[in-house]
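Q: no letters, just coordinates:
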């Protein structure tokens, strides 16, 4: 199974509502990152949270990290139609030493106007 | 340049032909990564380069795949004797240094279709 797995696989909400996506991983990590992808092309880096941090904010984004449960959540508040995209979590792997990020399969978010 | 540039944007090739994909990273970024993304799926790691160190090729799916990078500049990903299962978007990314401590900047990808 994958290092990073997002849940749910798909999420549909109305504009103005909050969207919460979860990510679980299996190994020891230095950091966890979240990315957004529009239309199946390049990914955009959203936020990085370090393993010694529990919560981080950036604009309408709030990320939490629980290293004891090996899980993270991404909350988008007051969602907009423009937030419609796929969201991926990504981590390195301290256990194997591979430093390149491993990505999950993503959550597809649809925000209805 | 201002961003990561990949070319071509789209490539349609016949089964059995070789293809070469190009990536121009952000100037000054020492690390460069290649990923593959099949339709509706996540990113599959292929290879990464860090400066003049030996690349990590552990993600390359077969010996038909190879990649090169000269110094800290352009990289090319070559797929020989393409197969239909090679159809995917090939994404390149660069970062300031190797690893997971910095965000990656991705190019827009090359959509490869093998017919």
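A: Received, thanks. The structure displayed is predicted, hence computed values, not measured ones.

Q: which residue comes closest to residue 71 once chain neighbours are left out?
A: You didn't pick a chain, so chain A it is. Residue nearest to residue A:71 in three dimensions, not counting chain neighbours: residue A:24, with 4.9 Å by C-beta to C-beta, 6 or more residues apart in numbering or on different chains. In this view, the C-beta of every residue, glycine as well, is placed from N, C-alpha and C.

Q: my question was about chain B, not that one.
A: Nearest non-adjacent residue to residue B:71, counting by C-beta to C-beta, 6+ apart: residue B:52, 7.1 Å away.

Q: relative to residue B:73, how far out is the one you found?
A: Going from residue B:52 to residue B:73 by C-beta to C-beta, to the nearest Å gives 12 Å.

Q: got the contact list for residue A:71?
A: Shown in contact with residue A:71 (C-beta atoms under 8 Å, 6 or more residues apart in numbering or on different chains): A:22, A:23, A:24, A:25, A:65.

Q: 7 Å instead, please
A: Applying C-beta atoms under 7 Å, 6 or more residues apart in numbering or on different chains to residue A:71 gives the contacts A:22, A:23, A:24.

Q: strands of chain B, start to end?
A: Along chain B, the stretches classed as strands by DSSP state E are B:5-7, B:10-13, B:19-24, B:31-37, B:43-50, B:65-69, B:75-79, B:88-95, B:105-106, B:110-114.

Q: so what's residue A:108 bridging to?
A: Taking DSSP bridges as the rule, residue A:108 bridges to residue A:10, residue A:86.

Q: sorry, back to before: burial measure for the residue nearest to residue B:71, as a count.
A: Using other C-beta atoms under 10 Å in any protein chain shown, residue B:52 has 9 other residues around it.

Q: do residue B:68 as well
A: Residue crowding around residue B:68 was assessed by other C-beta under 10 Å; the count is 13.

Q: what about residue 77, how many residues nearby?
A: Picking chain A for this. Counted with other C-beta under 10 Å, the neighbours of residue A:77 add up to 14.

Q: if you could check chain B rather than the one you did, that'd help
A: Residue B:77 has 24 neighbours, counted by other C-beta under 10 Å.

Q: and chain B, which of its residues are near chain A?
A: B:33, B:41-43, B:45, B:48, B:56, B:89, B:91, B:98-101, B:103-104, B:106-109 (C-beta under 7 Å from any C-beta of the partner chain).

Q: and those residues, which of them are buried?
A: Among these, those classed as buried by neighbour count (16 or more other C-beta atoms under 10 Å in any protein chain shown) are B:33, B:42-43, B:45, B:48, B:56, B:89, B:91, B:98-100, B:103-104, B:106-109.
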